[in-house]
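Student: need the 3D shape of this:
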Amino acid sequence: MICSNCDTKITFLTSLKQPTPYRYKCGNCKTRFKVRTPGMNMFMALVVFLFVLLTVGMMNVYFSFGMLLAVPMIVFMIALWMIIEVLTHSFIMEKGVFSPIEERRTEMNV
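Tutor: This next block holds a predicted model:
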């Protein structure tokens, strides 16, 4: 996706800095975009469910075997998180519809 305001490409690193996959901000001109992607709500629910299951599994491994197997499990979860980030970015860039968000300005009468 290319920013409609400054023609800068929105890269994976820009995508990684966004707190949610529903709103993006151009790293160059700071224009904010609302992103509509079909199926994103279901995908996010699946990701949250997956990480809850992995966290419960990691806790069971920790209490059963101690840190010996918990550390590889943590490394696995971080690697899985990065893979999910890459997949989410490519999905949003391919199927997402970006709409600029107009800034709301409120004036205070003093």
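
Student: which stretches of this protein form helices?
Tutor: 12-16, 40-65, 67-95 (DSSP state H).

Student: for the last one, the averaged confidence score.
Tutor: The predicted model gives helix 67-95 an average pLDDT of 86.

Student: buried ones in that helix?
Tutor: Residues of helix 67-95 classed as buried: A70, M73, M77, T88, H89, F91, I92, M93 (neighbour count, 16 or more other Cβ atoms under 10 Å). Backbone N, C-alpha and C define where each C-beta goes, glycine included.

Student: tell me where the chain is predicted with low confidence.
Tutor: 103-110 (pLDDT under 70).

Student: hmm, try it at 80
Tutor: Scanning the chain for pLDDT under 80 picks out 1, 3-5, 27, 66, 70, 102-110.

Student: nearest residue to Y22 in space, please, no chain neighbours.
Tutor: V35 (5.7 Å; Cβ to Cβ, 6 or more residues apart in numbering).

Student: tell me the bridge partners for the one you found.
Tutor: Beta-bridge partners recorded for V35 (DSSP bridges): F98.

Student: circling back: output the helices of the chain in a markdown table; the columns should cover distance to C6.
Tutor: Shown next, in a markdown table, are the helices of the chain (distance: least, Cβ to Cβ, whole Å):
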| stretch | distance to C6 |
| --- | --- |
| helix 12-16 | 12 |
| helix 40-65 | 25 |
| helix 67-95 | 17 |
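
Student: identify whichever of the ones you listed lies nearest to G27.
Tutor: helix 12-16 (4.5 Å; Cβ to Cβ).

Student: would you mark the buried spots in the closest one?
Tutor: Those would be T14, S15, for helix 12-16 by 16+ other Cβ under 10 Å.

Student: contacts for it?
Tutor: Y24, K25, C26, G27, E85, V86, T88, H89, I92, M93 (Cβ atoms under 8 Å, 6 or more residues apart in numbering).

Student: quick one: contacts for the fifth one?
Tutor: Read that as E85. By Cβ under 8 Å, 6+ apart, the residues touching E85 are F12, S15, L16.
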